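*Asks:* Sharing a sequence plus its predicted fold:
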Amino acid sequence: MKEHVRVLISEEEVDRRIAILGEQISREYSGKQIHLICVLKGGVFFMCELAKHITVPLTMDFMSVSSYGDATSSSGRVRIVKDLDHTIEGKDVLIVEDIVDSGNTLHYLADMLGSRKPASLRICTLLDKPSRREAEVEVQYSGFEIPDAFVVGYGLDYKQLYRNLPYIGVVEFEEE
Ligand code: IMP
Ligand code: MG
């Protein structure tokens, strides 16, 4: 099957929304320092763009997790592939994710990182598919709510491709 990507959220809309999120986060963390945690690889484009719009001091760290599932859905079990380089104890931590789908990944991550005694722990996601939720996740900052479709771009992949698209697109499959 051949796939085709249809634009769902344009580059201009994504960039505008991220700027607004950055301003909101800067206001709400005024007087503090933020420790951004990027969930690789999908969160990387979003975190870099978001960080450019945050005006309070910030530090960054990266972690990589893999959820046991197939190409388009995740299970409840999550494995840490790369842990953080730095301690989060006493820090105001903001997890930056590409998308909350079933919620399984973030439910696990928030639990795990919460146990490491950060001063605070919040979640910022570019996309949210609330209709797919299986595990409860408290998301404080969300870019866009989207319908139940498989999306790519801005860090999100299908079979590791399309992460570099500067917009969010829906993958559509066509018979050859
Ligand atoms: P979860 O189902 O909320 O645990 O999401 C796990 C991960 O699956 C997300 O962080 C994404 O990396 C990936 N994912 C979920 N939905 C999509 C999608 O529509 N396109 C690409 N990746 C997705
Ligand atoms: Mg992800």
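*Replies:* That came through fine. Ligands and ions are numbered 1, 2, ... in the order given.
*Asks:* closest point of this protein to ligand 2, which residue?
*Replies:* Nearest to ligand 2, among the residues of the chain, is Gly42, at 3.6 Å (CB to the ion). To be clear about C-beta, it is placed using only N, CA and C from the backbone, and glycine gets the same treatment.
*Asks:* check contacts around that residue.
*Replies:* 97-99, 155-157, 163 (CB atoms under 8 Å, 6 or more residues apart in numbering).
*Asks:* so which strand or helix has the nearest residue to it once chain neighbours are set aside?
*Replies:* Nearest residue to Gly42 in three dimensions, chain neighbours excluded: Asp98, at 3.4 Å (CB to CB, 6 or more residues apart in numbering). Per DSSP states H and E, Asp98 falls inside strand 92-100.
*Asks:* again, but for Ala51
*Replies:* Assigned by DSSP H and E, Ala51 falls in helix 44-52.
*Asks:* In its sheet, which strands sit next to the next helix or strand after that helix, and in what direction?
*Replies:* Using DSSP H and E, the next helix or strand after helix 44-52 towards the C-terminus is strand 58-67. With DSSP bridges as the test, strand 58-67 is paired with strand 34-40 (parallel), strand 78-82 (antiparallel).
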